[in-house]
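[1] heads up, no residue letters with this:
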């Protein structure tokens, strides 16, 4: 059984970033990355559908330590994948990755102050175990094995081709075909303009609209700054500018939702013209940022609609038929190909099972510590990015915190670091881990995630500016993060600790 100081799970955007920070700030620590697939990149390697791209600008989705140098700030998937691979290669991270090692189970021993991690390895799923002092989960939040498809009536009656974007066939030829894309999120809005030129027709069929904002694919200021300033300085300035713009926009949606709604819809009307039915097709029932805004680069979706190559239909599906989709209105949408861009299924911590001293951890019974640890669960960190800003902003803060925590454990001679409720925390109100966000993929699975409290440090704020204060700049020892279990003196298991306190 091989031992490492730290095991990182996942070799995607956040996992590679975590490894960089660990090497940079704790170079004496040994680590390994366990990656369930056979490639670096995570999301950006898995998804291969036409037009796959970011919906965050790369000056904030990119790493804090590695400037994004391409002209396009709204980047395509292959470019992002190459960026992650390049980061891993140039920092000698790739050699630490164990590919095709899918983590199935992790068990914590208080006596030994270590995790035992069980992975299914290779094509035959051979069981391999590792041990580590700290387990650092960067496995994302969705199920790689299955996407979400509603139970459509008559689904199997359709004689054409159905495909979910998460499993896009490499040989799918849609040239000259009638295509219907079901969905109103970022994936649907990426697919429609990307497929419009080759398809005979393409329809985005949505049950209800989403807020859509057009933004230039290139950041002119960023490109200009790189010509006159060193790359790192130009990148830092652009990153700061874009973070602040996103923050201001989000805060306005919370304080002045009607004004922001009018602003967004006026922009859409400007793009599509006075005769287009914006009220039906682009006016959601909810306020801006109650769900994530959809970004379209260089107005590509609006251009496809204006050209007549694409159209939007807002209607409820009655059933699938042999030749397409019958709507509740009775209209039939004929199709050769139906794309179900209907969302994803979430997983808690990659779907692995966890236990402490032989007792299974029930994560819904735990409280989230600063959005990255769990009450009474030692030496376990999770990265979960922002829903209202770029994922990597949160991943960077988490990684910095992990390194501070490791150093403090070394300084104190303690082997264990555990968030525990203080007396004043025990009667606080709780709410869902991600609150005030109505997206279906979140609502379907929030009951499986930990809760959050209404006071710090038990809030999952989804606020980058606040997190910089409460995570990056706050003292590592705050009365809730308990450092104990020195070598030769085992700490009490969590259950026994709670009984003693009572």
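    The structure has been received and is ready for your questions. Treat the numbers as computed from the prediction; the structure is a model and nothing was measured. Numbering: from 1, shown residues only.
[2] low-scoring stretches of the stretch 151-300 of the chain, by residue?
    The stretch 151-300 of the chain contains no residues with pLDDT under 70.
[3] the helices in the protein, which residues?
    Listed in chain order, the helices of the chain (DSSP state H) span 13-25, 43-46, 58-61, 77-90, 186-196, 220-228, 231-255, 257-272, 278-281, 300-306, 391-412, 440-445, 464-467, 494-501.
[4] Pipe the ones you listed into CSV and attach mean neighbour count and distance to residue 173 per row.
    Using the backbone N, CA and C atoms, a C-beta is placed for each residue, glycine as well. Listed next are those as CSV, based on neighbours: other Cβ atoms under 10 Å; distance: least, Cβ to Cβ, whole Å:
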stretch, mean neighbour count, distance to residue 173
helix 13-25, 24, 31
helix 43-46, 20, 22
helix 58-61, 25, 31
helix 77-90, 19, 20
helix 186-196, 25, 11
helix 220-228, 14, 36
helix 231-255, 16, 38
helix 257-272, 16, 30
helix 278-281, 15, 29
helix 300-306, 21, 20
helix 391-412, 20, 33
helix 440-445, 16, 30
helix 464-467, 17, 43
helix 494-501, 13, 56
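[5] export these to JSON lines and tack on distance to residue 97?
    Putting these into JSON lines (distance: least, Cβ to Cβ, whole Å) gives the following:
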{"stretch": "helix 13-25", "distance to residue 97": "9"}
{"stretch": "helix 43-46", "distance to residue 97": "13"}
{"stretch": "helix 58-61", "distance to residue 97": "21"}
{"stretch": "helix 77-90", "distance to residue 97": "7"}
{"stretch": "helix 186-196", "distance to residue 97": "28"}
{"stretch": "helix 220-228", "distance to residue 97": "31"}
{"stretch": "helix 231-255", "distance to residue 97": "26"}
{"stretch": "helix 257-272", "distance to residue 97": "42"}
{"stretch": "helix 278-281", "distance to residue 97": "45"}
{"stretch": "helix 300-306", "distance to residue 97": "35"}
{"stretch": "helix 391-412", "distance to residue 97": "17"}
{"stretch": "helix 440-445", "distance to residue 97": "28"}
{"stretch": "helix 464-467", "distance to residue 97": "28"}
{"stretch": "helix 494-501", "distance to residue 97": "32"}
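[6] Between those, which one is closest to residue 341.
    helix 186-196 (4.1 Å; Cβ to Cβ).
[7] tell me what the closest one is packed against?
    Here helix 186-196 touches strand 178-182, strand 201-206, strand 294-297, helix 300-306, strand 310-314, going by 3 or more Cβ pairs under 8 Å, 6 or more residues apart in numbering; DSSP states H and E.
[8] ok, now with 6 Å
    Here helix 186-196 touches strand 178-182, strand 201-206, strand 294-297, helix 300-306, going by 3 or more Cβ pairs under 6 Å, 6 or more residues apart in numbering; DSSP states H and E.
[9] Residue 83 is nearest to which of these?
    strand 294-297 (17.2 Å).
[10] List the neighbouring strands of the closest one plus their orientation.
    strand 212-215 (parallel) (DSSP bridges).
[11] Check the offset of the partner strand from the chain's centre.
    20 Å (Cα atoms, centre = their mean, to the nearest Å).
[12] Not counting its own residues, what contacts that strand?
    Contacts of strand 212-215 from elsewhere in the structure, counted by Cβ atoms under 6 Å, 6 or more residues apart in numbering, are 282, 293, 294, 295, 296, 299.
[13] which two in these are spaced the farthest apart?
    293 and 299 (14.9 Å).
[14] Now flag whichever of the contacts of strand 212-215 is closest to residue 331.
    Residue 331 has its nearest neighbour among the contacts of strand 212-215 in residue 282, at 19.9 Å by Cβ to Cβ.
[15] What does the closest one show for phi and psi?
    Residue 282 adopts backbone torsions of phi -140, psi 20, taken as degrees, to the nearest 10.
[16] Relative to residue 171, how far out is it?
    According to Cβ to Cβ, to the nearest Å, residue 282 and residue 171 sit 34 Å apart.
[17] Between these two, which is the more surrounded one?
    Between residue 282 and residue 171, counting by other Cβ atoms under 10 Å, residue 282 is the more crowded of the two (26 against 4).
[18] for the more buried one, what are its contacts?
    209, 212, 268.
[19] go with 10 Å
    Applying Cβ atoms under 10 Å, 6 or more residues apart in numbering to residue 282 gives the contacts 184, 206, 209-212, 264-265, 267-269, 271-272, 276, 294, 301-302, 312, 314.
[20] Given the longest strand anywhere in the chain, what are its sheet partners and their directions?
    In the chain, assigned by DSSP state E, the strand with the most residues is strand 126-137. Using DSSP bridges, the strands paired with strand 126-137 are strand 2-9 (parallel), strand 114-121 (antiparallel), strand 380-382 (parallel).
[21] Thank you kindly, that will do.
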